[in-house]
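Asker: Pasted the sequence and its predicted model underneath.
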Amino acid sequence: MRDFKYDQTTCDMVITDGEVEFVSDVDLVAQRVVISVSILQGEDPWDTSFGIPTWASVLGKISNIRDVRGEIAKLIESIPGVKAVSDLTIVNDVASETRTISGTILAMDGSSRPIEGTFA
């Protein structure tokens, strides 16, 4: 399986020398993870239940960061190809109003071999 390569900076598909670039295997899974953790619940018009709950609703229901990590890990593990999530780190920088989520995933490639990949 493959998909268009997504540029995280411009939010566009990548075109090099007039050719559309694609990703597959663990790179595709990692790209899907990055996109998924970037979407807040309700932003996807085709599936408003998909995405990370907004921090206000998460903090209203969940009392500690371990539970927040659990919710994000559950979302990531729902992505086709992801078998496990480890080293999930959430950094919420109040001063710059930015949030960074990074970690390591265990994914399966087309031949069902486990491949470890990272995302940020």
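Answerer: Happy to help now that I have it. Numbers count the residues shown, from 1 in each chain.
Asker: Which stretches in this protein count as helices?
Answerer: For the chain, the helices defined by DSSP state H cover 25-37, 55-61, 65-77.
Asker: Same list (those helices) but as TSV, adding distance to residue 11, mean pLDDT and mean neighbour count.
Answerer: Heads up, the C-betas are built off the backbone N, CA and C, glycines and all. What follows is the helices of the chain, written out as TSV (distance: least, C-beta to C-beta, whole Å; pLDDT from 0 to 100; neighbours: other C-beta atoms under 10 Å):
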stretch	distance to residue 11	mean pLDDT	mean neighbour count
helix 25-37	10	79	20
helix 55-61	21	55	12
helix 65-77	20	78	15
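Asker: okay, the ones you listed in JSON lines with distance to residue 13 next?
Answerer: Formatted as JSON lines, the helices of the chain follow (distance: least, C-beta to C-beta, whole Å):
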{"stretch": "helix 25-37", "distance to residue 13": "11"}
{"stretch": "helix 55-61", "distance to residue 13": "29"}
{"stretch": "helix 65-77", "distance to residue 13": "22"}
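Asker: So for residue 87, which of those sits nearest?
Answerer: helix 65-77 (10.6 Å; C-beta to C-beta).
Asker: I'd like to know how far residue 81 sits from residue 51.
Answerer: Residue 81 sits 18 Å away from residue 51, going by C-beta to C-beta, to the nearest Å.
Asker: repeat for residue 69
Answerer: 16 Å.
Asker: roughly how far apart are the nearest residue to residue 8 once chain neighbours are set aside and residue 74?
Answerer: For residue 8, ignoring the flanking residues on the chain, the nearest one in space by C-beta to C-beta, 6 or more residues apart in numbering is residue 34 at 6.3 Å. For residue 34, the distance to residue 74 (C-beta to C-beta) stands at 17 Å.
Asker: Where do the strands of the protein begin and end?
Answerer: According to DSSP state E, the chain carries its strands in the segments 2-4, 6-7, 12-13, 15-16, 19-20, 22-24, 82-93, 98-108, 114-119.
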